[in-house]
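In: next input, structure requested:
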Amino acid sequence: MKKNEMSKEANKMTRQTWKSYWESTECSFLERQIQLYKARIGYLKLLQAVPEIGTSGRVLEVGAGKAWISRLLRARGWSTIATDLNSDIAMSNSKFVDSYVIGDMINLPFKENSFDLVISCGLLEHFNLDTVQKILTEMGKVGKSIVVWLPTCSLEWKALWTIRNILGGHVFAQSYIHRKKSLENIFVSIGLQNIRVGDVLFAGFLRYIYVYGNSINPSGEYSSFPRK
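Out: Got it, this is the predicted structure:
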């Protein structure tokens, strides 16, 4: 899929998907536009990281929160499962995915290779590298392919977060700087292959890192990730 085709796809899917959300949620016009923009950017990041993504399959979103990406993939034809430790978030957003499971990201309650794709967005920057390795190991066990996105935690991001906090916005948890090479090394260490690493612009000057990999070995079979 070419870049302009990706952009058109992202626009179409976000508007279709969020129409049903807005009909069931009271929010201002400005809030709607912000949510639409965030969802579009998130979906565009997914298309750029996995341009060969199809219109069906089973996807798990880890640390899903409002399950931004899962909603869009569901509209595209995917079977969507979201998981988060926060039971309130799970209950309030369960109607937007096929299933919302309350679960621990370092001990995912799913069978090995039970998902075609496992994703997380805006999650890993809140954990140190040792915990990131545990999370990615779990994602690699239950998924045939995984893709993650996270802010670069640059000075621009930190300035934005500080301004939002001062203005009374969301209070962000501790954020860590994770370099592309460190994330790529973890992907390699847990047995993932065909790894792609890159970044995408968010809001013009802020950047997100993305890392994609799958567990297909040279024989064409999926690798095994035995639990310890």
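
In: thought Y212 was touching S145?
Out: Yes - using Cβ atoms under 8 Å, Y212 is in contact with S145, at 7.1 Å. To be clear about C-beta, it is placed using only N, CA and C from the backbone, and glycine gets the same treatment.

In: need the overlap of contacts for the two.
Out: Here Y212 and S145 have V50 as joint contacts, going by Cβ atoms under 8 Å, 6 or more residues apart in numbering.

In: low pLDDT regions in the protein?
Out: For the chain, residues meeting the criterion pLDDT under 70 lie at 1-40, 42-43, 153-158, 160-174, 201-206, 216-228.

In: what segments of the chain are helices?
Out: 3-23, 29-49, 68-76, 87-93, 129-142, 155-166, 180-189 (DSSP state H).

In: which parts of the shortest one are buried?
Out: Buried residues in helix 87-93, counted by 16 or more other Cβ atoms under 10 Å: I89, A90, N93.

In: elements contacting that helix?
Out: Under the contact definition 3 or more Cβ pairs under 8 Å, 6 or more residues apart in numbering; DSSP states H and E, helix 87-93 sits against strand 79-84, strand 99-102.

In: among the ones you listed, which is the most enclosed?
Out: Each of the helices and strands packed on helix 87-93 was assessed for mean neighbour count using mean count of other Cβ atoms under 10 Å. The highest is strand 79-84, with a mean of 24.

In: give me the spatial nearest neighbour of S114, chain neighbours excluded.
Out: Closest residue to S114 apart from its sequence neighbours, by Cβ to Cβ, 6 or more residues apart in numbering: V142 at 5.6 Å.

In: surely F110 is in contact with M139?
Out: No - in this structure F110 lies outside contact range of M139 using Cβ under 8 Å: 10.2 Å.

In: who has more neighbours, the two?
Out: Neighbour tally, F110 and M139, criterion other Cβ atoms under 10 Å: the higher count belongs to M139, 26 against 17.

In: quick one: that one from F187, how far?
Out: 10 Å (Cβ to Cβ, to the nearest Å).
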